[in-house]
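1. what's the 3D shape of this:
(2 chains, ligands or ions: 6)
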Amino acid sequence: MNKILQKQVLAPTLKQIIVEAPLIAKKAKAGQFVILRIHEKGERIPLTIADYDRDNGTITMIFQEVGSSTKRLGLLEIGDEILDLVGPLGQPTEHPAGAKRIVCVGGGVGVAPVYPEAKELHESGVEIISIVGARNEELLFYLDNMKAVSKELHVTTDDGSKGRKGFVTDVLKELIESDKGIDAVIAIGPMPMMKAVSDLTKNYGLKTIVSLNSLMVDGTGMCGGCRVTIGNETKFACIDGPAFDAHEVDFIEQMRRLRMYQIEEKVEDCRCGEGME
Amino acid sequence: MAGTKKNPMPCQPGEERVKNFLEVALGYDEDVAINEAKRCIQCKNPKCVSGCPVGIEIPKFIEKIAEGDFQGAIDTLKEKNSLPAICGRVCPQEEQCEKVCIVGIKNEPVGIGRLERFAADWERKNRKEQSKISNTEGKKVAIVGSGPAGLTCAGELAKMGYQVTIFEAFHQAGGVLMYGIPEFRLPKEIVQEEINALLNLGVELKTNVVIGQTITIKELMEEEGYEAVFVGSGAGLPYFLNIPGENLNGVYSANEFLTRVNLMRAYLHPQWDTPVKVGKKVAVVGAGNVAMDAARTAKRLGAEDVYIVYRRSEDEMPARIEEIHHAKEEGIDFRLLTNPMEVLGNSEGWVTGLKCLKMELGEPDSSGRRRPVPIENSEFELDVDVVIIAIGQGPNPLIPRSTPELQTSKWGNITADESTGNTSMEGVFAGGDVVTGAATVIKAMGAGKNAAVAMDQYIKNK
Ligand SMILES: Cc1cc2nc3c(=O)[nH]c(=O)nc-3n(C[C@H](O)[C@H](O)[C@H](O)COP(=O)(O)OP(=O)(O)OC[C@H]3O[C@@H](n4cnc5c(N)ncnc54)[C@H](O)[C@@H]3O)c2cc1C
Ligand SMILES: Cc1cc2nc3c(=O)[nH]c(=O)nc-3n(C[C@H](O)[C@H](O)[C@H](O)COP(=O)(O)OP(=O)(O)OC[C@H]3O[C@@H](n4cnc5c(N)ncnc54)[C@H](O)[C@@H]3O)c2cc1C
Ligand code: SF4
Ligand code: SF4
Ligand code: FES
Ligand SMILES: [Mg+2]
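-> Residues are numbered from 1 along each chain as shown, chains lettered A, B, ... in the order given. Ligands and ions are numbered 1, 2, ... in the order given. This next block holds a predicted model:
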């Protein structure tokens, strides 16, 4: 069960794995995620289902190695098994009804979750304009995939090593102002990027959906660790989301909550060199 | 002649045990157990039996202990209760069997729970290696959730010859027994042994399957060939106070705090990967068993000051008396008639305190209970860096949400017949906390057992 069938190194700290998971593949929809645990003493970490193949019973995950669990996951090879894998979790993203033209923005590893959204919308006849951004060229991936489902694909890098130098919001602003008849925006990436997109589109009253990467434990609504303030209400990202109306999200609170275990994660980093090999 | 009081339960001393997660209560030895068993006067009309939700033949099992026939005692217990080592530890006996014990009218009641625990522990030590039965013949039934309700229902159906599959959302079975009740009250090894014994009856366990997400109840019945389904998905949805500051860093639901520590072993971080913030000064809001567990856990993890903050008075505290007593011995500071108003935080978003209002008892309300009313201008700040909310839980939402056929109450509890577990959906039965709201282990087991009987009848009449 949960055997890794394919593995691809997209960039030194960015990996893609295709895993055998027939039950999950059968049900997965854009916007949903899995929670996995790699070893007996492991924590439960959420990853988006970046793609799925119902016929072959597989799901694809793309992850950035940021800490001990994602680094350990990166060490697994083809043929290895993931100890625990549960999903699909969360609600499928509810796409804006009647929208004809949607901009999909993916920042960094956020391209992984934005791709299935773009693909699903494209297949249902919505015209997609994509903006993909990363720090530098090395961290860009899925450009071909995105291109295949988009009418236009724009690329930005912080350092100008590929595409346009600058931020995804620079392109988004121009697109909005060029009056292309954009009905909605879906933006997924680091919290500051999603906040910047949200702040921008708010000015234009443009419907925007983001997908939150809150801290999670169970992913089934029983711990409340993933809570987010949406409008004036507290919601649980794992069962009410992870996608929400960007203009309702308290991003400052979310960014703070993501730092909850920074000290503990540093301790892990010091020892992850030893125990892991 | 037997004494007027129960034989005391030997315990780890308070100052010792706050430094470890080992079990607090150590259990009777054989001599003490026999002595306690002899306190039972073997009533002709034993009231105790009616106080036990699963109707254990209490005088009979106690008589066996008194005779030194411990195997006979455990056999009697197991006729009605498949998880005696667990119930003997965590049943609120003072509210159930022991409350109505006839000896208890004049003296302290017989220590029924302690004797049950003794017999179960004796058996665990002397248990023979069981071989796993496998069953690929009987009709298929599905159980959702592996808490006490689901485990019991599964065990009963397996004994009747059904092919039983349990689907569990977590990576480990046991429900609250594993992720909620702490090690020092209910060692996880015991829970695991009891689960293994059930699995040996031929029950198949599928972890990491969330019914309603991975597969729905309807699909189980229509596509996977399950003849009937039992839903024992529990009440795990944590309630919050809805006061300002509740989403600050350092505020936990008791569920999250206990799950990190019990299931994910955060107390062994960084050897285990899951972290937890314990804090130096911890306020636990609420006064039920869950609150006591959270407070005592925080203390063991090294918190210097741990408060129970509760807006009513001592008399209303819902926790078991024994647990309150243990918490006090361990130095938990009870701040009663204290109502939390706001969690205070610094500019970085970390908890710095809990603003509270003092309360006093006012006039009795219609139920005769004196209602707490705020004392004017009594606001004060409790200096804490972690706040744990333990004010109750609602039913887990994923099944009601994904199964519109299932009728629920306005709080989301699945509506089910108390004696059969019958729901509004044909072939689907439910029991335990998801039906009743947060209750007890033994009530959940009772519901699982009743449902098993009804499911058998349903399938036979189909
Ligand atoms: C719904 C959802 C989908 C996600 N999808 C992806 C994805 O497709 N690809 C990807 O690379 N990352 C994704 N993430 C983020 C990913 O879960 C974290 O990067 C990962 O948990 C980090 O774990 P670590 O031990 O390697 O790093 P750590 O050093 O432990 O943590 C690094 C940072 O990751 C975050 N994090 C840590 N633990 C958790 C946790 N249990 N849950 C959520 N975030 C955590 C925190 O912000 C932390 O500061 C997603 C998160 C969510 C909630
Ligand atoms: C901290 C704490 C202390 C307690 N102390 C005591 C005590 O001392 N004595 C006592 O008698 N009672 C105590 N209780 C209450 C008691 O534990 C519960 O009443 C009892 O566990 C309920 O059993 P259950 O089988 O209905 O549900 P649970 O034990 O909650 O089990 C439900 C199971 O279903 C799983 N599940 C949920 N949704 C799904 C889904 N969609 N698909 C698959 N699986 C799912 C859950 O992961 C869980 O494993 C305590 C509770 C807590 C939280
Ligand atoms: S199961 Fe609980 S209520 Fe029944 S006899 Fe045992 S301790 Fe008492
Ligand atoms: S009521 Fe008390 S004394 Fe009587 S049989 Fe039951 S346990 Fe024994
Ligand atoms: S992750 Fe626990 S409630 Fe969402
Ligand atoms: Mg980590």
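2. how does the chain divide into domains?
-> I went with chain A, as the question did not name one. Per the TED database, the domain ranges recorded for chain A read A:3-89, A:101-258.
3. my question was about chain B
-> Here the domain parsing of chain B from the TED database is B:14-126, B:140-236+B:395-461, B:238-389.
4. ok, and does the longest one reach over to ligand 3?
-> This points to domain B:140-236+B:395-461. Yes: judged by C-beta under 6 Å from any ligand atom, domain B:140-236+B:395-461 comes into contact with ligand 3 through B:I442. (Glycine included, C-beta is placed from N, CA and C.)
5. Just confirm yes or no for that domain near ligand 1.
-> No: judged by C-beta under 6 Å from any ligand atom, domain B:140-236+B:395-461 and ligand 1 are separated, with a smallest distance of 13.3 Å.
6. per-residue pLDDT, residue 23?
-> Let's take chain A. Looking at A:L23, its pLDDT reads 94.
7. Please refer instead to chain B.
-> pLDDT, B:E23: 91.
8. next one: A:E94
-> In this prediction, A:E94 carries a pLDDT score of 88.
9. State the distance from it to chain B.
-> 14 Å (C-beta to the nearest C-beta, to the nearest Å).
10. Look at that residue and tell me its secondary structure.
-> State at A:E94, reduced to three classes by DSSP: H, G, I helix; E, B strand; the rest coil: coil.
11. And A:N56, by the same measure?
-> Taking three-state DSSP as the rule, one finds A:N56 in the coil state.
12. of all the domains of chain B, which lies closest to ligand 6?
-> Among the domains of chain B, domain B:238-389 comes nearest to ligand 6, with 5.8 Å by C-beta to the ion.
13. how far does that closest one sit from the chain's center?
-> Relative to its chain's centre, domain B:238-389 lies at 19 Å (C-alpha atoms, centre = their mean, to the nearest Å).
14. One more: stretch A:26-35?
-> Distance, stretch centre to chain centre, for stretch A:26-35: 12 Å (C-alpha atoms, centre = their mean).
15. Determine how far the last residue of it lies from the first.
-> Counting by C-alpha to C-alpha, to the nearest Å, you get 16 Å between the two ends of stretch A:26-35.
16. repeat for stretch A:39-50
-> Distance across stretch A:39-50, first residue to last, is 23 Å (C-alpha to C-alpha).
17. Could you give me the buried positions within that stretch?
-> Counting neighbours by 16 or more other C-beta atoms under 10 Å in any protein chain shown, one finds that the buried residues in stretch A:39-50 are A:41-50.
18. In JSON lines, list those along with distance to ligand 4, pLDDT and secondary structure.
-> JSON lines is the format used below for the buried residues of stretch A:39-50 (distance: C-beta to the nearest ligand atom, whole Å; pLDDT from 0 to 100; DSSP: H, G, I helix; E, B strand; the rest coil):
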{"residue": "A:K41", "distance to ligand 4": "44", "pLDDT": "94", "secondary structure": "coil"}
{"residue": "A:G42", "distance to ligand 4": "47", "pLDDT": "94", "secondary structure": "coil"}
{"residue": "A:E43", "distance to ligand 4": "46", "pLDDT": "95", "secondary structure": "coil"}
{"residue": "A:R44", "distance to ligand 4": "44", "pLDDT": "97", "secondary structure": "coil"}
{"residue": "A:I45", "distance to ligand 4": "50", "pLDDT": "96", "secondary structure": "strand"}
{"residue": "A:P46", "distance to ligand 4": "50", "pLDDT": "97", "secondary structure": "strand"}
{"residue": "A:L47", "distance to ligand 4": "54", "pLDDT": "96", "secondary structure": "strand"}
{"residue": "A:T48", "distance to ligand 4": "57", "pLDDT": "94", "secondary structure": "strand"}
{"residue": "A:I49", "distance to ligand 4": "56", "pLDDT": "95", "secondary structure": "coil"}
{"residue": "A:A50", "distance to ligand 4": "61", "pLDDT": "91", "secondary structure": "coil"}
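19. between those residues, which is closest to A:A21?
-> Nearest to A:A21 out of the buried residues of stretch A:39-50 is A:I49 (C-beta to C-beta; 9.1 Å).
20. Grab the nearest non-local neighbour of whichever residue of the stretch 201-350 of chain B sits closest to ligand 3.
-> Nearest residue of the stretch 201-350 of chain B to ligand 3, counting by C-beta to the nearest ligand atom: B:R320, 11.7 Å away. In space, B:R320 comes closest to B:P92 once its chain neighbours are excluded; the distance is 5.1 Å by C-beta to C-beta, 6 or more residues apart in numbering or on different chains.
21. what's the spacing between the one you found and ligand 2?
-> Distance check for B:P92 against ligand 2: by C-beta to the nearest ligand atom, to the nearest Å, it reads 6 Å.
22. That residue: neighbouring residues, count only.
-> By other C-beta atoms under 10 Å in any protein chain shown, 22 other residues sit near B:P92.
23. quick revisit: make a markdown table out of the buried residues of stretch A:39-50 and add distance to B:H171.
-> Below are the buried residues of stretch A:39-50 laid out as a markdown table (distance: C-beta to C-beta, whole Å):
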| residue | distance to B:H171 |
| --- | --- |
| A:K41 | 12 |
| A:G42 | 9 |
| A:E43 | 11 |
| A:R44 | 8 |
| A:I45 | 12 |
| A:P46 | 14 |
| A:L47 | 15 |
| A:T48 | 20 |
| A:I49 | 18 |
| A:A50 | 22 |
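24. filter these by proximity to chain B?
-> Contacts with chain B are made by A:41-44 out of the buried residues of stretch A:39-50, judged by C-beta under 8 Å from any C-beta of the partner chain.
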